[in-house]
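Participant: turn this into a model:
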Amino acid sequence: MKKTLQEILFQPTAWQKTIHSFGKQKSDIMKFMQGYKDAEAIFTGCGTSYYLSLIAADLYTRLEQGKARGVPASEVNLFPDTIFSHGQKYLLIPVSRSGKTSETLEAIDYFKKQSSDGSLLITCTAESEMSGVCDKIFFCPEAAEETKYMTKSFTSMLLASQLIIAQLAGNKTCQEELIKLPQQGERIIKLFQPYCEKLASENDFDRYFYLGHGAQYGIAAESMLKLTEMVGTPAVVYHGMELMHGPKYAVDNKSLIIYFLSESAEKQEIDLLQKIRKLPGKILLICEESGPGITDLADFVVTLQSGLSGDSRLILTMLISQLYAYYRALAMGMEID
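Facilitator: Numbering: from 1, shown residues only. Next up, the predicted model:
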């Protein structure tokens with residue numbers, strides 16, 4: 001078995017280890033976070049870690065009801081005045097698999113020089129340059145990959161962010177749901193690995209459009225990145241409704257439109273899908289539940305049926321995206337490892 005596939009399939013085990021690690025670090029992390037309840041949280045990173053930051057900021061804003069933003073680390077370095085305001089208290093939350101990403105290190109360095117406020121590093125590497133300069137560290141054990149693709153590191157660090165935010169917000173329901181993710185992940189892999197392989201090998205798409213709203217936009221963005229990295233095929237990401245404002249003209253009969261359906265905006269998204277259905281491309285819909293009103297609007301449907309809320313099941317959808325990208329790369333003859 002190729003290493004990339006092993007790392008994708010290992011994710012439920014990595015999630016369990018992250019949950020266990022959080023249990024041991026929870027008291028210390030929460031004591032630190034309580035000191036910044038009145039601060040604006042700035043989640044930052046590069047590439048995959050930036051897309052994770054977008055999702056975490058969305059969840060922090062809604063669940064914790066605090067101010068939060070996800071920004072690329074490069075923007076902290078190049079345009080800090082668009083991010084930080086004089087007199088505002090901040091909590092910097094850098095996200096990095098390796099703990100040595102140059103732009104993120106520079107962002108932390110800038111923040112430390114300009115502010116006495118705190119920083120919490122979320123990482124997969126226990127000892128690193130970043131761990132030596134941040135105030136607190138959340139370490140996701142056994143989540144760093146040996147390959148170049150961020151698969152289990154992305155989902156594990158996102159889960160770490162979710163655990164921290166749910167605990168800080170006192171959201172017991174979300175906390176209980178997050179603990180169920182390893183078991184659900186095993187089920188999703190068993191159920192949909194063959195489906196993703198078949199979909200990737202039997203359909204010759206050469207253009208991809210990833211769509212999502214809210215936290216699902218970050219998932220769509222990371223899914224776009226995984227396909228671009230593994231397959232090298234043109235792929236773009238939009239907030240769902242933005243597709244109809246110009247990008248729709250790029251959709252052709254060899255395009256696949258992947259839509260991550262949410263719950264809170266499902267009615268509006270179904271209305272949008274009725275319009276997208278008139279375009280020449282095919283539609284892959286990833287959702288929690290489906291019925292005639294949904295399945296009639298897509299060519300391919302992945303129904304998770306996890307029983308979890310939209311905020312909790314985000315990393316389950318990434319299993320589908322990663323498996324599809326992996327098998328599409330194999331179908332295209334790419335040397336994946």
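Participant: show me how far stretch 206-221 is from its chain's centre.
Facilitator: Here the centre of stretch 206-221 is set off from its chain's centre by 10 Å, with CA atoms, centre = their mean, to the nearest Å.
Participant: in contact with Glu288, which residues?
Facilitator: Contacts of Glu288 were listed using CB atoms under 8 Å, 6 or more residues apart in numbering, and they are Leu261, Glu263, Thr303, Leu304, Gln305, Ser306, Leu308, Gly310, Arg313. For glycine as for every other residue, the C-beta is placed from the backbone atoms N, C-alpha and C.
Participant: if we go to 10 Å?
Facilitator: Neighbouring residues of Glu288 by CB atoms under 10 Å, 6 or more residues apart in numbering: 261-263, 266, 303-310, 313, 316-317.
Participant: among these, which lie within helices?
Facilitator: Judged by DSSP state H, helices contain the following of these: Glu266, Leu316, Thr317.
Participant: may I have the helix or strand of the chain with the lowest mean pLDDT as CSV, with CA atoms only?
Facilitator: In the chain, the helix or strand scored least confidently by mean pLDDT, DSSP states H and E is helix 292-295, which has a mean of 79. Taking C-alpha atoms only, helix 292-295 is exported to CSV below (Å, rounded to 0.1, in the frame of the first residue of the first chain):
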residue,chain,number,x,y,z
PRO,A,292,-35.5,13.1,-3.7
GLY,A,293,-35.2,16.9,-3.5
ILE,A,294,-31.4,16.6,-3.2
THR,A,295,-30.5,13.5,-5.2
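Participant: so which elements touch it?
Facilitator: Applying 3 or more CB pairs under 10 Å, 6 or more residues apart in numbering; DSSP states H and E, one finds that helix 292-295 contacts helix 266-276, strand 282-287, strand 300-303.
Participant: buried residues in it, which are they?
Facilitator: Ile294 (16 or more other CB atoms under 10 Å).
Participant: count of residues packed around Cys174?
Facilitator: Burial measure for Cys174: 20 neighbouring residues, criterion other CB atoms under 10 Å.
Participant: my guess is it contacts Ser161, does it?
Facilitator: No. In this structure Cys174 lies outside contact range of Ser161 using CB atoms under 10 Å: 12.0 Å.
Participant: identify the residues contacting the least confident helix or strand of the chain?
Facilitator: With contact meaning CB under 10 Å, 6+ apart, helix 292-295 is reached by Leu261, Glu266, Glu269, Ile270, Leu273, Gln274, Leu285, Cys287, Val301, Thr303.
Participant: kindly write the PyMOL command that selects the buried subset of these.
Facilitator: This is how PyMOL selects the buried members of the contacts of helix 292-295, with burial counted by 16+ other CB under 10 Å:
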select buried, resi 261+266+269+273+285+287+301+303
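Participant: let me have the contacts of helix 292-295 in TSV, extended by distance to Leu121 and pLDDT.
Facilitator: As requested, the contacts of helix 292-295 are arranged in TSV below (distance: CB to CB, whole Å; pLDDT from 0 to 100):
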residue	distance to Leu121	pLDDT
Leu261	33	91
Glu266	36	78
Glu269	35	89
Ile270	40	88
Leu273	40	92
Gln274	44	92
Leu285	36	96
Cys287	34	94
Val301	39	95
Thr303	37	96
